[in-house]
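Asker: only geometry, no sequence info:
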């Protein structure tokens, strides 16, 4: 039993005790496609079988005249700010919206449901209520042949035609009622037109930018819909009633939304979205390089190298030279690998469908790696042994790397610098299977706009942050700070490092999926087709 159902059970149990004078009734205004409406009706049927439970009358606002019934009731009850979303419930002299609003007044339902307002509009509902049995009754108004729906009393001015701009969004609950208000107004003002844009589309975003520039509206993360716009004003994020909009004077002049959307506007939108994505990409790349540098695979190798040099009693100057040469070898090798992978990804991305598919695959793999690294973090937290992790180098590869380090750090002093360069190249190649988990999707993010100067700079930036931990270890060792202390510190933070890697992979997954959606070969921005439509002839639902 869900929490909501359990709450309903307790509430209905209390209601049946209080309602000793017999059942009352109340109205639920909604539509057949409204999920919350169906949820309320189903729960009321399940828990309202007792005769003392008030009857719920469901009024489908999709039917002719039923939405006008709601409007008449609101007007006669002098409700200044009608609810903007469905379902709307009339219980006594209270009007609330949604499941949450219903629960807010639930304790008062037994009394309120027996004190419904005495309005002429409710007489047909009450008459039909006596003809049906059940705790939920669907109201169907009687329609006489040839009878027309009486127009609503309204404060709409004489105004004539003109046009409103209506900005909405798919899935917006408040937009549905706003559209009905606009259609009612159109019935009173012959020639009125309403042009709709979905702000979830590129052209809708361009039109929203026009509105923001026109009225100097600051950008916000909060959705502006529903938004009704006219030449010198707008209403946003709330219901603009027929009474309010009826007072607006519309002219055919200066309707800035009528002008066709230009290629320049679409390009500006693309640049703006690209800049936002670029800032996100830069943050991910910096974090990726730094976290990859603290990757237990790379970090353990760096500690072993410096520790072995100290064991061989090398002087601080030699440690600094060898460490710097090793860093340069790792940096150069990783950079070359990065260029190679960049050109490969760029070539594959030039093929139809492949670019979006690559990003989708990288996104899915990053999600899997986020889960696996989280599991490794939990394993280390439980056992305290880094060797229990599954996402790392095998013991065989660790031994091979240690053998190379021992062999190349025991050469003559004058060969130590070239040997360290070679060692950096060899070790980074062997570690690529481990550290490449981060490197490959990061390169894909870097290549989001192709292989260009920006991509090269970002690749350099990644590798600089990647070798930063190694450079820090080298500097500490040359300054006389023991590597064992650094190793103990690193061991204590394996858990947090693994969690950081899991978080990084989650961020990479989001970035990859965003890029995959952006570059999808269907419905993309490159189509540029107008999505404007006449709201007055579209489906009411």
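Answerer: Looks like it came in fine. Here the structure is a predicted model, which is why all the values come from computation and not from measurement.
Asker: mind listing what's buried in stretch 196-213?
Answerer: Residues 196-199, 201-211 are the ones in stretch 196-213 that count as buried (16 or more other Cβ atoms under 10 Å). For the C-beta atoms, the positions are set from N, CA and C on the backbone; glycine is no exception.
Asker: same check, this time on stretch 372-383
Answerer: For stretch 372-383, the neighbour count (16+ other Cβ under 10 Å) marks 372-374, 376-377, 379-380 as buried.
Asker: show me where the stretch 201-350 of the chain has its strands.
Answerer: 227-230, 233-236 (DSSP state E, counting those that start in this stretch).
Asker: for the chain, same thing?
Answerer: Remark: strands assigned in the chain by DSSP state E are 25-30, 55-60, 88-91, 94-97, 136-139, 163-168, 193-198, 227-230, 233-236, 533-534.
Asker: may I see those organised as CSV, with mean pLDDT added?
Answerer: As requested, these are exported to CSV (pLDDT from 0 to 100):
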stretch, mean pLDDT
strand 25-30, 92
strand 55-60, 91
strand 88-91, 93
strand 94-97, 91
strand 136-139, 88
strand 163-168, 91
strand 193-198, 88
strand 227-230, 93
strand 233-236, 92
strand 533-534, 69
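Asker: mind listing the helices for the stretch 401-541 of the chain?
Answerer: Applying DSSP state H, counting those that start in this stretch to the stretch 401-541 of the chain gives helices spanning 416-446, 453-478, 483-492, 494-518.
Asker: my bad, should have said the stretch 201-350 of the chain
Answerer: Taking DSSP H, counting those that start in this stretch as the test, the helices found in the stretch 201-350 of the chain are 202-215, 242-245, 263-293, 296-311, 316-349.
Asker: out of the helices of the stretch 401-541 of the chain, the one nearest residue 179 is which?
Answerer: Nearest to residue 179 among the helices of the stretch 401-541 of the chain is helix 494-518; the distance by Cβ to Cβ comes to 27.4 Å.
Asker: how about the closest one: buried residues?
Answerer: For helix 494-518, burial by neighbour count (16+ other Cβ under 10 Å) applies to 494-495, 497-502, 504-509, 511-516, 518.
Asker: again with stretch 234-242
Answerer: By neighbour count on 16+ other Cβ under 10 Å, the buried set for stretch 234-242 is 234-236, 239-242.
Asker: let me know the closest of those residues to residue 224.
Answerer: Closest approach between these and residue 224, by Cβ to Cβ: residue 236, at 4.8 Å.
Asker: now do the contacts for that closest one.
Answerer: The contact partners of residue 236, by Cβ atoms under 8 Å, 6 or more residues apart in numbering, come to 224-228.
Asker: among the residues you listed, which pair sits farthest apart?
Answerer: Greatest spatial distance among the contacts of residue 236 (Cβ to Cβ): 224 and 228, at 10.8 Å.
Asker: count the residues that sit near residue 232.
Answerer: Neighbours of residue 232 under the rule other Cβ atoms under 10 Å: 12.
Asker: so it versus residue 257, what's the distance?
Answerer: Noted for residue 232: a distance of 13 Å to residue 257, by Cβ to Cβ, to the nearest Å.
Asker: run through the stretch 201-350 of the chain and note the low-pLDDT ranges.
Answerer: The stretch 201-350 of the chain contains residues with pLDDT under 70 at 221, 252, 269-281, 295-315, 349-350.
Asker: try 80 this time
Answerer: The stretch 201-350 of the chain contains residues with pLDDT under 80 at 201-202, 219-222, 251-254, 263-285, 287-288, 291-323, 345-350.
Asker: how's this structure carved up into domains?
Answerer: Following automatic domain parsing, the chain resolves into domains at 3-139, 163-261, 266-522.
Asker: picking up where we left off before, between residue 224 and residue 228, which has more neighbouring residues?
Answerer: Shown here are residue 224 and residue 228; by other Cβ under 10 Å, residue 228 has more neighbours (26 against 17).
Asker: can you name the residues bridging to that one?
Answerer: For residue 228, the beta-bridge partners are residue 166, residue 235 (DSSP bridges).
Asker: OK, contacts around it?
Answerer: With Cβ under 8 Å, 6+ apart, residue 228 has these contacts: 164-166, 178, 182, 234-236, 240, 245.
Asker: most widely separated two among the residues you listed?
Answerer: Maximum pairwise distance in the contacts of residue 228, criterion Cβ to Cβ, is 14.6 Å, between 182 and 236.
Asker: against residue 478, how distant is residue 294?
Answerer: 20 Å.
Asker: ok, now residue 378?
Answerer: 37 Å.
Asker: make TSV from the strands of the stretch 201-350 of the chain and add distance to residue 71 to it.
Answerer: Converted to TSV, the strands of the stretch 201-350 of the chain look like this (distance: least, Cβ to Cβ, whole Å):
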stretch	distance to residue 71
strand 227-230	17
strand 233-236	17
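Asker: closest to residue 361 out of the ones you listed?
Answerer: Residue 361 lies closest to strand 227-230 among the strands of the stretch 201-350 of the chain, at 38.2 Å (Cβ to Cβ).
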